[in-house]
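coords below, sequence missing:
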Ligand SMILES: Nc1ncnc2c1ncn2[C@@H]1O[C@H](COP(=O)(O)OP(=O)(O)O)[C@@H](O)[C@H]1O
Ligand SMILES: [Mg+2]
């Protein structure tokens, strides 16, 4: 049922009265309430008068005109409130109220939105652009009842969490009683399954005996509880748990996710996972059967332009900027703020400086990838460095055979299949980009400018750290640390 369907007149009146009190400093009178209720039910003034014990002339001539004027100011938003539009306007008002409460949940940690209980903190969405297709697509998949889980994969800052938050917001405003609760678990502070399970138990305020239970008992307890309520569970940022080289851990995580998905099959629950790393790198089960993945790309041109305009940028080159930063909203935000500050919003002027600016979110993702042992092996790093050194404005991408040759020259024992596997992992993590113009043309690879800059600058000295393979090229040898 949608907000509109389950919004009754008393709930609408409550929301309206709050607004009237805030704006005009008084409550609605009895006669005004009769007119509002009558308008809601589509009655004429005679019917309102006979229901409420008033004179119809009094309601129509004395109460209604000043009431519509006052409501136009309070809730009209530029539109004149009239009897026939009132119901529609009140629906919109109620929707807005739902959304505000949803955002408020960041502070409250547990909120009732309509009939849905919200556990956890949804990211705040101030200005949100584009993503209409993604949202429609995800809504269809979530409500299709064919699936019970989905994962959104993409680089840091590409907008995964914001997209899911917007999706949840839309689901709730359009369909407020589809789930009994929404559980939003941000995983970035968790480094083990136990921490994640403890975090979920705490978030749901479950009482478990003395807290010294085994992990298995806690999982059993959590799953039992989850079975009781129709829920939408968001696991946001699963990459934090990743221990790519630890087979046991990967099995443990896989088993846990499988159990969560099993819970879903019994009710119409749904799980959404967001991750920077493809799930098959984090969990060890057949993820294609378990949970299907969607790769999240940057914002499209229109959404990007709208975002840059809001930041005060102008000029035809805005399109170039969106392309160069691959529509990544966090990168665009970071670069736009600096263009506004240092070049007064003139994008053309910024391009004259031929520089690439890096934002925080993508940088911290790259820091994590290069810092955590096992996440990128030497060959994968080597390929990235190789591309960073060779890709330039003139040479936009490097053909596959050159990369294989280059890697074998660095290290004779590297096989072609190892290079292929490394390229595939890098591509899945969106660390390198692939272009293939036509079926007959050889596949080529490149780096987006921000990633290239990160490698060449190596801001934290992580790219070349503990990196034993010697690499040709001046820049690299300067950086190598033993
Ligand atoms: N569609 C969008 N419109 C405007 N800003 C966005 C959009 N998507 C993301 N952002 C902004 O970009 C930044 C990164 O988004 P986030 O959802 O945290 O990315 P991720 O979860 O993929 O790391 C945030 O500051 C967010 O407000
Ligand atoms: Mg996120």
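That came through, no problem. If you're wondering where the values come from, they're calculated on a predicted model, not measured in any experiment. Ligands and ions are numbered 1, 2, ... in the order given.

can we go C-alpha only for contacts and neighbour counts from here?
OK.

now do the same end-to-end measure for stretch 64-83.
Start to finish, the residues bounding stretch 64-83 are 9 Å apart (C-alpha to C-alpha, to the nearest Å).

Contacts for that stretch next, please.
Here stretch 64-83 makes contact (C-alpha atoms under 8 Å, 6 or more residues apart in numbering) with 19-20, 23-24, 32, 35, 39, 89, 93.

now, which of the residues you listed lie within helices?
The helices, defined by DSSP state H, take in 19-20, 23-24, 32, 35, 39, 89, 93 from these.

OK, contacts around residue 213?
No residues are in contact with residue 213 under the rule C-alpha under 8 Å, 6+ apart.

which SS state does it fall under?
coil (DSSP: H, G, I helix; E, B strand; the rest coil).

Tell me the predicted confidence for it.
The confidence metric pLDDT takes the value 78 at residue 213.

how far away is it from residue 76?
56 Å.

Contacts only, for the residue most central in space within the chain.
Central residue of the chain (C-alpha atoms, centre = their mean): residue 161, 2.1 Å from the mean position. Remark: with contacts taken as C-alpha under 8 Å, 6+ apart, residue 161 is in contact with 123, 236, 274.

Is the last one located within a strand, as I assumed?
Yes. Judged by three-state DSSP, residue 274 forms part of a strand.

what bridges to it?
For residue 274, the residues forming beta bridges with it (DSSP bridges) are residue 152, residue 236.

give me the element residue 445 is part of.
Take DSSP states H and E as the rule and residue 445 turns out to sit in strand 444-446.

and that strand, what does it pack onto?
Judged by 3 or more C-alpha pairs under 8 Å, 6 or more residues apart in numbering; DSSP states H and E, strand 444-446 is in contact with strand 398-399, strand 433-435.

So for the helix or strand following that strand, what gets flagged as buried?
Heading C-terminal from strand 444-446, the first helix or strand you meet, by DSSP H and E, is helix 449-457. Buried positions in helix 449-457, judged by neighbour count with 16 or more other C-alpha atoms under 10 Å: 449-456.

With stretch 414-422 instead?
Taking 16+ other C-alpha under 10 Å as the neighbour-count basis, stretch 414-422 is seen to contain the buried residues 419, 422.

Figure out how far it is from the centre of its chain.
Relative to the centre of its chain, stretch 414-422 is centred 33 Å away, using C-alpha atoms, centre = their mean, to the nearest Å.

Quick check: mean pLDDT of it?
Looking at stretch 414-422 alone, the average pLDDT works out to 94.

The helices and strands packed on strand 444-446: which one's closest to ligand 1?
Nearest of these to ligand 1, taken as C-alpha to the nearest ligand atom: strand 433-435 at 17.5 Å.

Name every strand pairing with that closest one and say which way it goes.
Counting by DSSP bridges, strand 433-435 is paired with strand 444-446 (antiparallel).

Run through who's touching the strand it pairs with.
With contact meaning C-alpha under 8 Å, 6+ apart, strand 444-446 is reached by 387, 391, 396-400, 432-436.

again, but for stretch 234-251
With contact meaning C-alpha under 8 Å, 6+ apart, stretch 234-251 is reached by 161, 182-193, 271-277, 281-285, 374-375.

Would you show me how to pick out the buried ones of these in PyMOL?
This is how PyMOL selects the buried members of the contacts of stretch 234-251, with burial counted by 16+ other C-alpha under 10 Å:
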select buried, resi 161+182+183+184+185+186+187+190+192+193+271+272+273+274+275+276+277+281+282+283+284+285+375
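
Which ones among the contacts of stretch 234-251 map onto helices?
Among the contacts of stretch 234-251, the members falling in helices (DSSP H) are 161, 193, 281-282.

Please list which of these also come close to ligand 1.
With C-alpha under 6 Å from any ligand atom as the criterion, the members of these in contact with ligand 1 are residue 161.

Would you reformat the ones in helices among the contacts of stretch 234-251 as TSV and include pLDDT?
Compiled in TSV, the ones in helices among the contacts of stretch 234-251 are given as follows (pLDDT from 0 to 100):
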residue	pLDDT
161	96
193	91
281	87
282	89
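
all strands of this structure, in order?
When secondary structure is read from DSSP state E, the chain shows strands at 110-113, 116-120, 149-153, 181-186, 231-236, 270-275, 292-295, 398-399, 433-435, 444-446.

Tell me who's in contact with the residue in the stretch 201-350 of the chain positioned nearest to ligand 1.
Evaluated by C-alpha to the nearest ligand atom, the stretch 201-350 of the chain has residue 330 as its residue closest to ligand 1, separated by 3.9 Å. Taking C-alpha under 8 Å, 6+ apart, we find residue 330 in contact with 157-159, 359-362.

at 10 Å what do you get?
156-159, 298, 336, 358-362 (C-alpha atoms under 10 Å, 6 or more residues apart in numbering).

Mind checking which of the residues you listed are in helices?
Among the contacts of residue 330, the members falling in helices (DSSP H) are 336, 360-362.

Buried only: go through these for me.
Judged by neighbour count, with 16+ other C-alpha under 10 Å as the criterion, the buried members of the ones in helices among the contacts of residue 330 are 336, 361-362.

So which residues on the stretch 201-350 of the chain come close to ligand 1?
Applying C-alpha under 6 Å from any ligand atom, we find that the stretch 201-350 of the chain lies next to ligand 1 at 329-330.

Equivalent analysis for the stretch 51-200 of the chain, please.
Along the stretch 51-200 of the chain, the residues adjacent to ligand 1 under the rule C-alpha under 6 Å from any ligand atom are 127-131, 156-162.

Out of the helices and strands packed on strand 444-446, which gets the lowest mean score?
Taking each of those in turn, the lowest mean pLDDT turns up on strand 433-435, with a mean of 89.

List of residues touching that strand?
Against strand 433-435 from outside (C-alpha under 10 Å, 6+ apart): 397-400, 423-424, 426-427, 441-448.

Of those, just the buried ones, PyMOL syntax please.
Listed next is the PyMOL selection for buried residues among the contacts of strand 433-435, using 16+ other C-alpha under 10 Å:
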select buried, resi 397+398+399+400+423+426+443+444+445+446+447+448
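
hey, where'd the helices end up in the stretch 251-400 of the chain?
According to DSSP state H, counting those that start in this stretch, the stretch 251-400 of the chain carries its helices in the segments 279-282, 287-290, 301-310, 318-324, 329-343, 347-352, 360-371, 378-390, 400-410.

which stretch in those is the model least sure about?
helix 287-290 (a mean of 61).

give me the number of residues near residue 342?
Counted with other C-alpha atoms under 10 Å, residues neighbouring residue 342 total 12.

That one reaches residue 350, doesn't it?
Yes. At 8.4 Å, residue 342 and residue 350 qualify as touching, with contact defined as C-alpha atoms under 10 Å.
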